[in-house]
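1. pasting a predicted model and its sequence here:
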Amino acid sequence: MVAAPPIGLNEGRQGHYAGAVSRLAAFATDVGASWGLYTLGLGAVSLTVELATGRTFSVDRHQIATLVVLVAWEFVYFAYQWALNGKTIGMAMLGIQVVKADGTSLTPREATLRTLALPLSIVVFGLGFIGILVQRERRALHDLLAGTAVIYSWDARAARLRWLARQGPEVSSRP
């Protein structure tokens, strides 16, 4: 007989404002994923140029173009995912989501504005992130400027019920 998982403290976290540690871990994951995808793309372009022209493509010789492509890639990486479903890869892995301050889904406009404002939170020694630590809504500068908030999106109770349903009658027949 398979035992049911213990009911965790985070069962009711869905819809609550996401904390600093969750947001930092999601951002770190996104930086890693974004740089990994960028590096793979750069390698693919380099290989394609070499196969097509017989000349090697070196990032060292094209630093300005590489920087422009990197900035454009980072913009697309964050803005597209936030506009699509309010989550980046890292946010999805950690169960958090960006929504409008009133709790409704983001529009492409808010996603774009949040992406453009994100560097402002970083520029002055990261002071734009202080709001995550001191405000009840845990909103950073880019959240305030874009009118967004970051919340927990996992529904632990629904996940537990799905887990119980997969276990079959032996678990559900317990008193």
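-> All right, it came through fine.

2. how about stretch 58-73: buried residues?
-> 66, 69, 73 (16 or more other Cβ atoms under 10 Å). Glycine gets a C-beta too; all of them are placed from N, C-alpha and C.

3. looks like the first one contacts Val59 (just checking).
-> Which is Thr66. Yes: the criterion here is Cβ atoms under 8 Å, and Thr66 meets it with Val59 at 5.0 Å.

4. find residues that contact each of these two.
-> Leu42 (Cβ atoms under 8 Å, 6 or more residues apart in numbering).

5. name the spans of the chain whose pLDDT lies under the cut-off.
-> Applying pLDDT under 70 to the chain flags the ranges 1-13, 155-164, 167-175.

6. which helix is the longest one in it?
-> When the chain is parsed with DSSP state H, its longest helix is helix 20-53.

7. which residue packs closest to Leu70, ignoring adjacent ones?
-> The shortest distance from Leu70 to any non-neighbouring residue, by Cβ to Cβ, 6 or more residues apart in numbering, is to Tyr38 (6.4 Å).

8. oops, could you answer that again for Ala28 instead?
-> Gly90 (7.1 Å).

9. same check on Phe27?
-> Counting by Cβ to Cβ, 6+ apart, Gly90 is the residue found nearest to Phe27 once chain neighbours are left out, at 6.4 Å.
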